[in-house]
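A.B. asks: Have a look; sequence and predicted model below, questions after that.
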Amino acid sequence: MKRFDLHTDDCVLHIYTNDFTSLTTLTEATLDEARRRGEPLYGPYSVQDHEAHAQPGEDHLHVYWKNNQLFALNKGTGTAHDQSHGIKIPNKLAKALQQKFPDLKLPPNNFIESASTTDEIAVTLAEAGEL
């Protein structure tokens, strides 16, 4: 039996195994997972697919470069989510997102702008129970 220790800032994980090949595969997968958040898109880019957190709300995507969030995008309207206004989505990244999420509405010219003022007013009124 072999013992392997995986160290983090806060703890040590002790793994005991007889099968070194499986442990190596597990370790490689764990290290790959730590390099990115969410599902891989291409290169260092990854994405997390979230359902709406509240109603009214939209399903949305969080897109990362390595572990850093680049932007969040509402799937149905292509508008900014979580203050991701004014972001230009690189063309290759937009293509990868469209392939992974065929129903995704990308913003015009891949430039994330906010919803129209009318849309924002409607959401505000709906949240206040006025609609």
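C.D. replies: Received, thanks. Residues are numbered from 1 along each chain as shown.

A.B. asks: the strands in this protein, which residues?
C.D. replies: Ranges of strands in the chain, per DSSP state E, are 2-7, 12-17, 39-42, 45-50, 60-65, 68-74, 80-81, 87-88, 111-112.

A.B. asks: Out of those strands, indicate the one that is most buried.
C.D. replies: strand 80-81 (a mean of 21; mean count of other Cβ atoms under 10 Å). All C-beta atoms are positioned from the backbone trio N, CA, C, and that covers glycine.

A.B. asks: Does anything pack onto that one? Which helices or strands?
C.D. replies: strand 60-65, strand 68-74 (3 or more Cβ pairs under 8 Å, 6 or more residues apart in numbering; DSSP states H and E).

A.B. asks: ok, residues contacting the shortest one?
C.D. replies: So the one you mean is strand 60-65. 36-38, 41, 44-50, 52, 69-75, 81-82, 89, 93, 97, 101, 104 (Cβ atoms under 8 Å, 6 or more residues apart in numbering).
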